[in-house]
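> All I have is the shape, not the residue letters:
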C-alpha cells in the first residue's frame, strides 16, 4: 500500500498526516527530521511553533472567532515509535519508510511495527490544527520526543510552558474507552564484567535460537502471560547444562525495554560427540514448551544450528548469569484491589546481551503505586547483589492518579453518549502514559486520554482499525467544540 493510498482513506485530513509520519523515520531519540518537517508545516500555516529545551515541539493555534474566552486545551501525543522487526526483515528504521497494508479494515505493518502508537494520535492533532472549520478555544499541541525510551520529552518539559489547563492525551489503544489513570515505573539496569576463556578442547559451537513468540507491549499485554524469549531460552540452557557439559559463548534477546521479547539466541559449546544428543534434547524441550504455550504463543520455535565462537564466558560467570536470569521475576506481580481487572505491579525482562567479557540486561518495572514499583525494583537489585553484580535503578516516573470527579471526563462521556448512542467505559491503563509526568508539573490540570483501536503495539504486525480512527476524529472535533 502506498502512502498516497493511505492519504486516500477517510478522514483524509487525518490519514494524510499519518502518511507523512510513515515516510519519515522516527525512532526514539532520533525524531529530529520529523520534528523539523512538522515545524516547517506549522509555520507555513501561520501557527506558532517552538522547540523547547527537551526537544518537544509545541504548536499553538488561536481560538475560533467568538471562542477566545474558552479554556485553552492542550492536545498531546509523542513523535517517536517503538522500532521492532522480524529477523527476516531487512527494514532499516534509521532510513526506510514504514510501508503498511490495508487488510479487512485494518492498516497493518506485517514484519515491522507500524507506529500507530502514537502516530495516529499525532495525526489527529495535526488534523485539528489544520481544520479551519473546527470550532474551538485556544489550542496547544504538545508533541513530545523520547516517550518510548524513557519519557525524556515529558521529563524535560518546563512547568511554565503550557498555557492550557485542560489536556486531551491521544495515546491509548481501545476505542470507546476513556482513560483516567496509568502506571508509573522505573528501570533496573544490570551490568557485569567478566574475563573470557578459551573454548575447551573437543568442544563444538552451536547456536540455539528461540523465535516466533508474539511479543507485544510490556504493560498492556503483560497479563496475557505470553512467552518471554529470554526467560524461556535461559530455561532451555539450564536443562541442557543438567544433561551435558555446556559452555556459554553469548546470549542476546529482546530489542526494546518496553516490548515483550519475541526472540533470543544463544551461542554455546558442547563436546563434539554430544551435538547429536543436544539436538534431540532441544527437540524434546521444544515439545514441552509448545504444550505450555498452547493458546498463547502458537508460533513458537526452537532450533539448533552450527555456529562459530572464539571464546566462552568463564564458568563462574556463566553460573551467575544463568542462575540469576532464571530466578529473576518477570510478569504480573500483583493485580489491583482498587481497580478490578487491572494489573497493579509488573515487570518486563526486556533485553539481555551477554558476551565472554561481560554483559547487561534491563528490567522495566511498572506499578499504579509508586511504592509498589520501587519495592519490586529493590527486589531485583537485591537478587543481583547476591552475586556482587551491579544493578542500578533509574528513570523513575510517577503514575497518573485517577480523578473520578473530572469535569473533562464528564463532558467526554456526555459527548460520546450523544454522538455514538452508547455509554463509554472508564479505564486505568497498565502503561506509562506521559499524563503522570505532565500532571505532576501542572498540578490541577484536568486530563483524559482516548484513542482508536490498536492491536499489537510494540511488535511486528501492529495494526490500527481504520473505522475507529474516523470515529476518534469525530469525537475529538465534538469534544473540542463543547469545551467552554
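Received, thanks. From a predicted model like this one, the values you see are computed outputs, not experimental measurements.
> Can you tell me the element the closest residue to residue 387 other than its chain neighbours falls in?
Distance criterion Cβ to Cβ, 6 or more residues apart in numbering; nearest residue to residue 387, sequence neighbours excluded, is residue 320 at 4.5 Å. For glycine as for every other residue, the C-beta is placed from the backbone atoms N, C-alpha and C. For residue 320, the element it lies in under DSSP states H and E is helix 315-327.
> helices and strands around that helix, which ones?
Secondary-structure packing of helix 315-327 (3 or more Cβ pairs under 8 Å, 6 or more residues apart in numbering; DSSP states H and E): strand 184-193, helix 229-243, strand 247-253, strand 343-355, helix 370-385.
> can you pull the contacts of residue 79?
Contact analysis of residue 79 by Cβ atoms under 8 Å, 6 or more residues apart in numbering lists 26, 31, 34, 35, 38, 57, 118, 122, 143, 144, 145, 147.
> Using JSON lines, please lay out the residues you listed together with secondary structure and neighbour count.
As requested, these are exported to JSON lines (DSSP: H, G, I helix; E, B strand; the rest coil; neighbours: other Cβ atoms under 10 Å):
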{"residue": "26", "secondary structure": "coil", "neighbour count": "24"}
{"residue": "31", "secondary structure": "coil", "neighbour count": "26"}
{"residue": "34", "secondary structure": "helix", "neighbour count": "23"}
{"residue": "35", "secondary structure": "helix", "neighbour count": "20"}
{"residue": "38", "secondary structure": "helix", "neighbour count": "25"}
{"residue": "57", "secondary structure": "strand", "neighbour count": "23"}
{"residue": "118", "secondary structure": "helix", "neighbour count": "32"}
{"residue": "122", "secondary structure": "helix", "neighbour count": "29"}
{"residue": "143", "secondary structure": "strand", "neighbour count": "26"}
{"residue": "144", "secondary structure": "strand", "neighbour count": "30"}
{"residue": "145", "secondary structure": "coil", "neighbour count": "28"}
{"residue": "147", "secondary structure": "coil", "neighbour count": "27"}
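> ok, back up a step: the inter-axis angle of the helix holding residue 320 versus strand 343-355?
Taking axes from the mean of the first three to the mean of the last three Cα atoms, to 10 degrees, one finds helix 315-327 and strand 343-355 inclined to each other by 160 degrees.
> which outside residues touch helix 315-327?
For helix 315-327, using Cβ under 8 Å, 6+ apart, the contacting residues are 192, 194-195, 197, 230-231, 234-235, 237-238, 241, 247-248, 251, 312-313, 349, 352, 354, 359, 361, 383-384, 386-387, 389.
> ok, and the closest non-adjacent residue to residue 378?
With Cβ to Cβ, 6+ apart, the residue lying closest to residue 378 is residue 393, at 7.8 Å.
> Okay, buried residues for stretch 281-301 please.
281, 282, 285, 286, 289, 293, 297, 300 (16 or more other Cβ atoms under 10 Å).
> ranges for the helices of the stretch 101-250 of the chain?
116-130, 152-156, 229-243 (DSSP state H, counting those that start in this stretch).
> Walk me through the domains of the chain.
3-182+399-482, 186-397 (automatic domain parsing).
> picking up where we left off before, how near is the residue nearest to residue 387 to residue 386?
9 Å (Cβ to Cβ, to the nearest Å).
> The two: which is more packed in?
residue 320 (19 against 11; other Cβ atoms under 10 Å).
> Look through the chain and tell me its longest helix.
When the chain is parsed with DSSP state H, its longest helix is helix 275-293.
> ok and that one relative to helix 229-243, angle-wise?
Going by the same axes, to 10 degrees, helix 275-293 makes 130 degrees with helix 229-243.
> what does the first helix or strand past helix 275-293 going along the chain contact?
Using DSSP H and E, the next helix or strand after helix 275-293 towards the C-terminus is strand 301-306. With contacts defined as Cβ under 8 Å, 6+ apart, strand 301-306 is touched by 205-212, 236, 278-279, 282-283, 285-286, 289.
> if we go to 7 Å?
Strand 301-306 has contacts (Cβ atoms under 7 Å, 6 or more residues apart in numbering) with 206-212, 236, 278-279, 282, 285-286, 289.
> Name every strand pairing with it and say which way it goes.
strand 203-211 (antiparallel) (DSSP bridges).
> and the angle for the strand it pairs with with strand 247-253?
Using the same axes, to 10 degrees: strand 203-211 against strand 247-253 is 20 degrees.
> Mean confidence (pLDDT) on strand 203-211, please.
Taken as a whole, strand 203-211 carries a mean pLDDT of 98.
> Please enumerate residues in contact with it?
With Cβ under 7 Å, 6+ apart, strand 203-211 has contacts from 87, 199, 229, 232-233, 236, 247, 249, 263-272, 275, 278, 282, 301-309.
> What of stretch 213-223?
Contact with stretch 213-223 is made by 173, 183, 226-227, 229, 258-262, 297, 300, 331-332, 343, 346, 348, 350, 364, 366, 429-432, 456-459, as judged by Cβ under 7 Å, 6+ apart.
> Mind listing what's buried along it?
The neighbour-count check on stretch 213-223 (16+ other Cβ under 10 Å) flags 213, 214, 215, 216, 217, 218, 219, 220, 221, 222 as buried.
> in stretch 195-207, what's buried?
196, 197, 199, 203, 204, 205, 206, 207.
> Just name the closest of the residues you listed to residue 484, please.
Set against residue 484, the nearest of the buried residues of stretch 195-207 by Cβ to Cβ is residue 207 (63.4 Å).
> And for that closest one, nearest residue in space, chain neighbours not counted?
In space, residue 207 is closest to residue 307, 4.0 Å off (Cβ to Cβ, 6+ apart).
> repeat for residue 108
Of all residues not flanking residue 108 in the chain, residue 463 sits nearest, at 3.8 Å (Cβ to Cβ, 6+ apart).
> Number of residues surrounding that neighbour?
22.
> Who does it form a beta bridge with?
residue 108, residue 455.
> Return the residues in contact with it.
Neighbouring residues of residue 463 by Cβ under 7 Å, 6+ apart: 106, 107, 108, 114, 455, 456.
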